[in-house]
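Chemist: Sequence isn't available, so here's the structure alone:
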């Protein structure tokens, strides 16, 4: 069984200042839960669980801490405002507890990042891991180098199966599953692949298309794409700023516009961008061919309905 060792990056995260909370937002199936499990195992002081991995030989304080984990996966959309009010109070306690030294490490993750709203007035001190360093922005997902070093035998078998050289076969995989960029000015080495997709490719030994269902696209997002089907093309190639603090996703959906659609597509992994200028501006693009095909598939559903 192959394992992409991210524990050296985990060591960097858990060594960051305890006075501020941190968050990582990634689309579905990008390894967020596995990352949480890894961090929790470290804070249990269980060094033996990491034998053979990078963090095992690092000079780390292997102390055991009580671990509290909360999941909001069962929250219902129609209770959005009520949930925001509850979470605003909850995160306010977390923030004050962290600053007062009662919480060793506070980490928040999900499909979308916290943004300014009633809820996140209590989260203004959260720091994005992506803004910390280019390396930490690759914490979730596989880089090209990680695939080459970890899945060498699988890549060789895949290349033989499709009748291509390894470089050409890797290029096919890149075109279809790579291209996600979460760090400003990140170079090609910082682009990441969807890990679920890579594991699926090497299991099936084929380039497979996503279905909308496999992409875990919620119904409200599908409806939003259909509503703005005529404007989606204008988003691609358009300018976007990396760091902005708009309203919450709930508020964006109450009165959506083209900018709202762009933001939501970004948060759900349907868009990324290449940043090349000092003013944090970049050009929007689909991360890869497979994501592009999923978006157009959803839009075409509405076109068929019209016909």
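Modeler: Yep, that arrived. Since the structure is predicted, the reported quantities are computational estimates derived from the model, not experimental observations.

Chemist: which regions of the stretch 51-200 of the chain sit below the pLDDT cut-off?
Modeler: 72-85, 87-88, 91, 94-101, 112-126, 131-133, 183-190 (pLDDT under 70).

Chemist: all strands for it, in order.
Modeler: Counting by DSSP state E, counting those that start in this stretch, the stretch 51-200 of the chain forms strands over residues 107-110, 127-128, 142-143, 192-193, given from the N-terminal end onward.

Chemist: winner for burial among the ones you listed?
Modeler: Among those, ranked by average contacts under mean count of other Cβ atoms under 10 Å, first place goes to strand 192-193 (a mean of 26). In short, each C-beta sits where N, CA and C put it, glycine included.

Chemist: which helices and strands sit right next to it?
Modeler: The criterion is 3 or more Cβ pairs under 8 Å, 6 or more residues apart in numbering; DSSP states H and E, and the helices and strands that strand 192-193 contacts are strand 142-143, helix 166-177.

Chemist: Take these and write them to CSV, including distance to residue 197.
Modeler: Written out in CSV, the entries for the helices and strands packed on strand 192-193 read as follows (distance: least, Cβ to Cβ, whole Å):
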stretch, distance to residue 197
strand 142-143, 9
helix 166-177, 4
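
Chemist: picking that back up, in CSV, list the strands of the stretch 51-200 of the chain along with distance to residue 161.
Modeler: Output for the strands of the stretch 51-200 of the chain, formatted as CSV (distance: least, Cβ to Cβ, whole Å):
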stretch, distance to residue 161
strand 107-110, 35
strand 127-128, 39
strand 142-143, 20
strand 192-193, 19
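
Chemist: which one of those strands lies closest to residue 68?
Modeler: With Cβ to Cβ as the measure, strand 107-110 is the member of these nearest residue 68 (11.2 Å).

Chemist: Direction included, what does the closest one pair up with?
Modeler: Strand partners for strand 107-110, identified by DSSP bridges, are recorded as strand 22-25 (parallel).

Chemist: What's the first helix or strand after the partner strand?
Modeler: Tracing the chain C-terminally past strand 22-25 and defining elements by DSSP states H and E, one meets helix 32-43 next.

Chemist: Return the set of buried residues in that next one.
Modeler: Of the residues in helix 32-43, those buried by neighbour count under the rule 16 or more other Cβ atoms under 10 Å are 32, 35, 36, 38, 39, 41, 42, 43.

Chemist: Name the nearest of these relative to residue 208.
Modeler: Proximity of those to residue 208, judged by Cβ to Cβ, is greatest for residue 32, which lies at 22.4 Å.

Chemist: What segments of the stretch 1-150 of the chain are helices?
Modeler: Applying DSSP state H, counting those that start in this stretch to the stretch 1-150 of the chain gives helices spanning 7-14, 32-43, 80-99, 144-150.

Chemist: returning to what we had before: out of the helices and strands packed on strand 192-193, deepest packed?
Modeler: The densest packing among these, expressed as mean neighbour count by mean count of other Cβ under 10 Å, is seen in strand 142-143 with a mean of 21.

Chemist: elements contacting it?
Modeler: Under the contact rule (3+ Cβ pairs under 8 Å, 6+ apart), strand 142-143 is packed against strand 192-193.

Chemist: Other residues contacting the strand it packs on?
Modeler: Under the criterion Cβ atoms under 8 Å, 6 or more residues apart in numbering, residues 138, 140-144, 147, 173-174, 177-178, 180-182 lie in contact with strand 192-193.

Chemist: Rebuild these as JSON lines, extending it with distance to residue 259.
Modeler: Output for the contacts of strand 192-193, formatted as JSON lines (distance: Cβ to Cβ, whole Å):
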{"residue": "138", "distance to residue 259": "28"}
{"residue": "140", "distance to residue 259": "26"}
{"residue": "141", "distance to residue 259": "26"}
{"residue": "142", "distance to residue 259": "31"}
{"residue": "143", "distance to residue 259": "31"}
{"residue": "144", "distance to residue 259": "32"}
{"residue": "147", "distance to residue 259": "35"}
{"residue": "173", "distance to residue 259": "33"}
{"residue": "174", "distance to residue 259": "30"}
{"residue": "177", "distance to residue 259": "28"}
{"residue": "178", "distance to residue 259": "27"}
{"residue": "180", "distance to residue 259": "21"}
{"residue": "181", "distance to residue 259": "20"}
{"residue": "182", "distance to residue 259": "20"}
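
Chemist: Nothing else from me, thank you.
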